[in-house]
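Colleague: sequence below, structure please.
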Amino acid sequence: MKRNRDIVWLPLSQIFFDPDKEKWRDKAACKNAPLETFFPKKGASTQRIKEAKAICNTCTVKQDCLEWAVQFSERALMGIWGGMTPNDRRAERKRLGLKDDDTRLDD
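Modeller: All right, here's what the predicted structure looks like:
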């Protein structure tokens, strides 16, 4: 399948961003960090993931970020959010009793 180079690929986080509900993002420690820090390429070093998590651990809105991110399955939302990788969030979703296909977009 040929990839169309005219398509702009956006992270799901930008597609489902509601600025009225998510004012916490203005206070996020990662706000001005390079995007690739929180969206490492497959096979990225564990050091890069640790760097992202270290920034999350200094963040005053880490819990808000994590609560937002856990709403989405790890297949729907990539990257590090609230100090958790997609695999970390999968475990958290399981602990909370959320199914893989249970992605909430509206509350």
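Colleague: got any ranges where the chain has weak pLDDT?
Modeller: 1-21, 100-107 (pLDDT under 70).
Colleague: most centrally placed residue in it?
Modeller: Centroid-nearest residue in the chain, with Cα atoms, centre = their mean: residue 81, separated by 3.7 Å.
Colleague: that one touches residue 69, doesn't it?
Modeller: Yes. Residue 81 is within contact range of residue 69, at 3.4 Å (criterion: Cβ atoms under 8 Å). To be clear about C-beta, it is placed using only N, CA and C from the backbone, and glycine gets the same treatment.
Colleague: overlap in contacts, those two.
Modeller: Both residue 81 and residue 69 are in contact with residue 89, where contact means Cβ atoms under 8 Å, 6 or more residues apart in numbering.
Colleague: list phi and psi for the residue nearest to the centre of the chain.
Modeller: Backbone torsions of residue 81, given as degrees, to the nearest 10, read phi -130, psi 130.
Colleague: what's the answer for the one 3 residues further on, then?
Modeller: As for residue 84, its main-chain torsions (degrees, to the nearest 10) stand at phi -130, psi 140.
Colleague: ok, now how distant is it from residue 57?
Modeller: When distance is defined by Cβ to Cβ, to the nearest Å, residue 84 is 11 Å away from residue 57.
Colleague: neighbour count: these two, which is higher?
Modeller: It is residue 84, of residue 84 and residue 57, that has more neighbours when counted by other Cβ atoms under 10 Å, with 21 against 10.
Colleague: OK, contacts around that one?
Modeller: With Cβ under 8 Å, 6+ apart, residue 84 has these contacts: 66, 69, 92.
Colleague: tell me the contacts of residue 87?
Modeller: With contacts defined as Cβ under 8 Å, 6+ apart, the neighbours of residue 87 are residue 74.
Colleague: element containing it?
Modeller: For residue 87, the host element (DSSP states H and E) is helix 86-96.
Colleague: restricting to C-alpha, output that helix in CSV.
Modeller: C-alpha atoms of helix 86-96 as CSV (Å, rounded to 0.1, in the frame of the first residue of the first chain):
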residue,chain,number,x,y,z
PRO,A,86,1.4,2.2,26.2
ASN,A,87,2.3,-1.1,27.9
ASP,A,88,2.1,0.6,31.3
ARG,A,89,-1.3,2.0,30.5
ARG,A,90,-2.5,-1.3,29.3
ALA,A,91,-1.7,-2.8,32.7
GLU,A,92,-3.4,0.2,34.4
ARG,A,93,-6.5,-0.2,32.2
LYS,A,94,-6.6,-3.9,33.1
ARG,A,95,-6.3,-3.0,36.8
LEU,A,96,-9.3,-0.6,36.4
